[in-house]
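Colleague: Got a sequence here, can you build the structure:
(one chain, ligands or ions: 2)
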Amino acid sequence: MQRYSVFAIAREAFRHHLGWERAWAAPEPKPSYDAIIVGAGGHGLATAYYLGKNHGITNVAILEKGWLGGGNTGRNTTIIRSNYLQDPSAAIYEKSRSLYETLSQDLNYNVMFSPRGVMMLAQTHHEVRGYLRTQHANALQGVATEFISPQRVKELCPILNIDGPRYPVLGALWQARGGTGRHDAVAWGYARACSAMGMHIIQNCEVTGVRSENGQVTGVDTTKGFIGTRKLGMVVAGHSGQLAEMAGFRLPIEAVALQALVSEPIKPCMDVVVMANTVHGYMSQSDKGEMVIGGGTDGFNNYTQRGSFHHIEETLRALVETFPMISRLKMLRQWGGIVDMTGDRSPLISKTPLGNCFINCGWGTGGFKAIPGSGWAMAELMAKGEPGPLAEAFNMWRFKEGRFIDESVAAGVAH
Ligand code: FAD
Ligand code: PYC
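Modeller: Ligands and ions are numbered 1, 2, ... in the order given. Below you'll find the model as predicted:
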């Protein structure tokens with residue numbers, strides 16, 4: 001793999017930038033692989049990367065029905081934090097956040113991790129109590145968060161109206177090393193590193209069927225023909241129910257649209273991420289100056305990557321009362337993604353009823369932050385056939401056994 005560095009940029013400057021290689025190869029599929037990952041979103045690519053890096057398994061194909069990173073990974077608002085309540089969640093989200101700290105160096109690709117700080121506003125007494133509880137749990141889990149006063153909120157984000165017409169700000173849960181990253185770059189960085197290890201990323205290759213014999217997957221039918229495999233990883237977010245159906249089992253999951261929008265670019269006015277979960281909206285400013293905005297999920301199951309208009313209206317209403325200075329901003333773009341939601345708002349990183357088939361899904365509205373940690377844990381599960389400590393609690397049988405990992409508050413987005 002060609003190394004990216006300041007010297008490489010200088011060298012290319014002298015030869016009209018004609019020497020850059022393609023970031024990843026575009027091979028045709030082989031008849032079979034040691035492992036196939038379905039879905040080249042962040043989680044699928046990270047799984048493949050850690051299969052190679054941590055476990056030496058590189059005869060791997062990643063099959064993607066569209067273009068890599070074109071699902072939720074390229075559609076999200078890039079908030080990274082690990083201020084979850086339950087121990088298994090704090091462990092995997094903090095592992096992930098800490099991997100983000102050095103991901104650009106690990107991948108030799110700038111993922112623009114920006115630990116600018118994330119605050120979740122408390123605007124009711126219930127939220128104050130909830131976030132104080134999270135702060136105490138985080139202290140025991142080794143996750144650095146603190147509950148801050150309204151005055152500190154105002155210092156950190158002067159454009160915020162802490163006296164709100166409906167819900168004054170009573171404080172906030174603040175994670176100073178939370179922040180944002182560049183979503184496409186995370187997918188592209190992992191893809192480039194996977195390709196450099198000899199893995200095959202095969203785009204425009206939809207999986208249409210899963211073949212099995214005696215309880216073991218033998219391969220997948222795709223729009224490019226049958227491809228055999230010894231191990232299968234399903235990492236397709238909102239389409240997980242469909243993949244599971246192809247393999248003959250059902251998942252405790254539903255698919256809903258979540259949408260986001262960005263404004264025209266303006267001068268820097270906000271250098272933290274703010275989530276206002278009572279009025280329901282969240283906002284940060286991108287490096288280009290656009291205000292990046294999102295709200296809650298659509299209240300009905302669907303597969304359209306658009307979202308409905310009333311949500312935009314509700315979200316903007318919430319944000320105008322929180323940040324009155326945005327009231328005259330023009331919105332530039334709006335889009336949606338299909339998120340995969342479980343009943344306890346926690347993911348599945350799990351074995352399945354088929355022996356050599358594994359599933360990673362259910363990250364719902366909050367899986368961008370989890371990409372490195374999830375890939376790490378899923379790779380361990382696929383390599384060893386058993387979950388390691390990060391994945392153990394996230395098996396799909398918890399819904400039969402009543403061992404929920406309730407993160408409906410920490411998920412941060414209304415469901
Ligand atoms: P995806 O990126 O969706 O990848 C799955 C891939 O599987 C897709 O590329 C799809 O084309 C492919 N696929 C599906 N079916 C098949 C098939 N049959 N054959 C082959 N390929 C198939 N999370 C955060 O942490 N912070 C945020 O701020 C945040 N904001 C969000 C805002 C929005 C609007 C949305 C939609 C999501 C947000 N999320 C956020 C959630 C986050 O985007 C997702 O949890 C995460 O990106 C999921 O990644 P993934 O790799 O599992 O899925
Ligand atoms: O999980 O932090 C999050 C998030 C913010 C917006 C969407 N998801």
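Colleague: The strand or helix carrying Val274 and ligand 1, any residue contact?
Modeller: If you go by DSSP states H and E, Val274 is part of strand 273-276. No: residues of strand 273-276 are not located near ligand 1 by C-beta under 6 Å from any ligand atom, the shortest gap being 8.4 Å. Every C-beta, even on glycine, is put in place using the N, C-alpha and C of the backbone.
Colleague: and that strand, which strands flank it?
Modeller: Using DSSP bridges, the strands paired with strand 273-276 are strand 118-122 (parallel), strand 281-285 (antiparallel).
Colleague: Just checking the distance from the first one to the centre of its chain.
Modeller: This means strand 118-122. From the chain centre to the centre of strand 118-122 is a distance of 19 Å (C-alpha atoms, centre = their mean, to the nearest Å).
Colleague: Can you name the residues in contact with that strand?
Modeller: 79-81, 83, 127-128, 130-131, 147-148, 153, 156-157, 169-175, 178-179, 272-278, 322, 412 (C-beta atoms under 8 Å, 6 or more residues apart in numbering).
Colleague: Recalculate using a threshold of 6 Å.
Modeller: Under the criterion C-beta atoms under 6 Å, 6 or more residues apart in numbering, residues 81, 128, 131, 169-175, 178, 273-276 lie in contact with strand 118-122.
Colleague: is any part of the helix ranked longest in the chain close to ligand 2?
Modeller: In the chain, assigned by DSSP state H, the helix with the most residues is helix 125-141. No: taking C-beta under 6 Å from any ligand atom as the criterion, helix 125-141 and ligand 2 are apart, separated by no less than 13.2 Å.
Colleague: What is the subsequent helix or strand relative to that helix?
Modeller: Downstream of helix 125-141, the next assigned helix or strand under DSSP H and E is strand 146-148.
Colleague: which parts of that following strand are buried?
Modeller: 147-148 (16 or more other C-beta atoms under 10 Å).
Colleague: next helix or strand past it?
Modeller: helix 150-156.
Colleague: which residues sit against the next helix or strand after that following helix?
Modeller: Sequence order places strand 171-175 as the next helix or strand after helix 150-156, per DSSP H and E. For strand 171-175, contacts defined as C-beta under 6 Å, 6+ apart pick out 81, 83, 118-122, 128, 131, 134, 145-149, 153.
Colleague: partners of strand 171-175 in the sheet?
Modeller: strand 118-122 (antiparallel), strand 146-148 (antiparallel).
Colleague: Could you check how far the residue most central in space within the chain is from ligand 2?
Modeller: The centre of the chain sits closest to Phe368, judged by C-alpha atoms, centre = their mean, with a distance of 1.7 Å. From Phe368 across to ligand 2, the span is 7 Å (C-beta to the nearest ligand atom, to the nearest Å).
Colleague: helices and strands around the longest helix of the chain, which ones?
Modeller: Applying 3 or more C-beta pairs under 6 Å, 6 or more residues apart in numbering; DSSP states H and E, we find helix 125-141 packed against strand 146-148, strand 171-175.
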